[in-house]
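Peer 1: turn this into a structure:
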Amino acid sequence: MFNGLDDPTSDLSGRCAEWERLVTEGLECDANSYYLGALYRQTREIGADGTPGEWSTAGAPVADQSCVTPADLADEAARALATLTLAPSPVVVQPPDGWTVVNVPTIAYTEPEEQVLDTTLLGIPVQIRATPRSFTWDYGDGSGPVTTTEPGAAYPHHTVAHTYDQPADRVTITLTTTWSGQFRITGTPSWTDVTGTATTTSAADPLQVYEARSRLVTDDLPGG
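Peer 2: Okay, here's the model as predicted:
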């Protein structure tokens, strides 16, 4: 069904019925465009016994041939970026054993990766590339979220950390990643920026926050 490139109900991937077909003619398009041939409808009669007759002569085009450019698909690409399923960024916590202590930095980081997804826009095959741009950390203790452009790193090169000031039972560190996007018609060389962003949310396993206490003992220390 073709209702124009600006109509989101257009779909160029459908099949004709048994008694009709669409014929295309050629047009030269540039390297970043998709050739969409002119469409001509032909019909034929199907006999009572199911035998098809001859095809009719093609009439006026149903749709003129054209070169579909990235600009023609930009709005659809923005909608696709916002709705496609992206893999959430993993959350890594140090110490890694499900517990930490107050007044000591707890390290969190992620290992974000660019993602490329194959889809179709108006029946035209495209690739959408999602790139992580910012990271919003919520440490689960009511301290409020913190947004960084750094994904963080493992100790001792860490750049993202949080210090709990109270013991807590099973707090959860949550990460919201904001992704920017680009797209290209499949098989073409150049990427085009997509308007808008997408977000994913992921969480670490619950974390126990303990309070470390010191005490005096009368027993000899090992080796004493």
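
Peer 1: give me the domain ranges for this protein.
Peer 2: The chain breaks down by the TED database into domains covering 20-68, 71-210.

Peer 1: quick one: which of the ones you listed has the weakest pLDDT on average?
Peer 2: Ranked by mean pLDDT, those bottom out at domain 20-68, with a mean of 76.

Peer 1: okay, helices next: where are they in this protein?
Peer 2: Assigned by DSSP state H, the chain shows helices spanning 70-83.

Peer 1: thinking again about what came up before, now the domains of the chain in CSV, with mean neighbour count?
Peer 2: C-betas here are computed from N, CA, C, even on glycine. Converted to CSV, the domains of the chain look like this (neighbours: other C-beta atoms under 10 Å):
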stretch, mean neighbour count
domain 20-68, 13
domain 71-210, 16
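
Peer 1: alpha carbons of stretch 146-158, as PDB, please.
Peer 2: Output of stretch 146-158 as PDB, limited to C-alpha atoms (Å, rounded to 0.1, in the frame of the first residue of the first chain):
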ATOM      1  CA  VAL A 146      23.600  11.600  39.300                       C
ATOM      2  CA  THR A 147      24.100  12.000  35.500                       C
ATOM      3  CA  THR A 148      27.500  11.600  33.900                       C
ATOM      4  CA  THR A 149      28.900  11.300  30.400                       C
ATOM      5  CA  GLU A 150      31.500   8.800  31.700                       C
ATOM      6  CA  PRO A 151      30.500   5.100  31.900                       C
ATOM      7  CA  GLY A 152      32.900   4.700  34.800                       C
ATOM      8  CA  ALA A 153      35.700   2.200  35.200                       C
ATOM      9  CA  ALA A 154      36.900  -0.500  37.500                       C
ATOM     10  CA  TYR A 155      39.200   0.200  40.500                       C
ATOM     11  CA  PRO A 156      41.700   1.900  40.600                       C
ATOM     12  CA  HIS A 157      40.700   3.900  37.500                       C
ATOM     13  CA  HIS A 158      37.100   4.400  38.600                       C
END
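
Peer 1: just how off-centre is that stretch within its chain?
Peer 2: 22 Å (C-alpha atoms, centre = their mean, to the nearest Å).

Peer 1: so what's the residue minimising distance to the centre of the chain up against?
Peer 2: Central residue of the chain (C-alpha atoms, centre = their mean): residue 86, 3.7 Å from the mean position. Taking C-beta atoms under 8 Å, 6 or more residues apart in numbering as the criterion, residue 86 is in contact with 115, 117, 130, 179, 198, 200.

Peer 1: same thing but 10 Å
Peer 2: Taking C-beta atoms under 10 Å, 6 or more residues apart in numbering, we find residue 86 in contact with 115, 117, 128, 130, 132, 177, 179, 181, 198, 199, 200.

Peer 1: same question for residue 80.
Peer 2: Counting by C-beta under 10 Å, 6+ apart, residue 80 makes contact with 73, 117, 119, 120, 121, 126, 128, 181, 183, 194, 198.

Peer 1: switch the cut-off to 8 Å
Peer 2: Neighbouring residues of residue 80 by C-beta under 8 Å, 6+ apart: 119, 121, 126, 128, 183.

Peer 1: what does residue 107 give?
Peer 2: By C-beta under 8 Å, 6+ apart, the contact list for residue 107 reads 93, 94, 152, 154, 155, 158, 160, 161.

Peer 1: what's opposite it in the beta bridge?
Peer 2: According to DSSP bridges, the partner residues bridging residue 107 are residue 94, residue 161.

Peer 1: now it: how far from residue 133?
Peer 2: Using C-beta to C-beta, to the nearest Å, we find residue 107 at a distance of 22 Å from residue 133.
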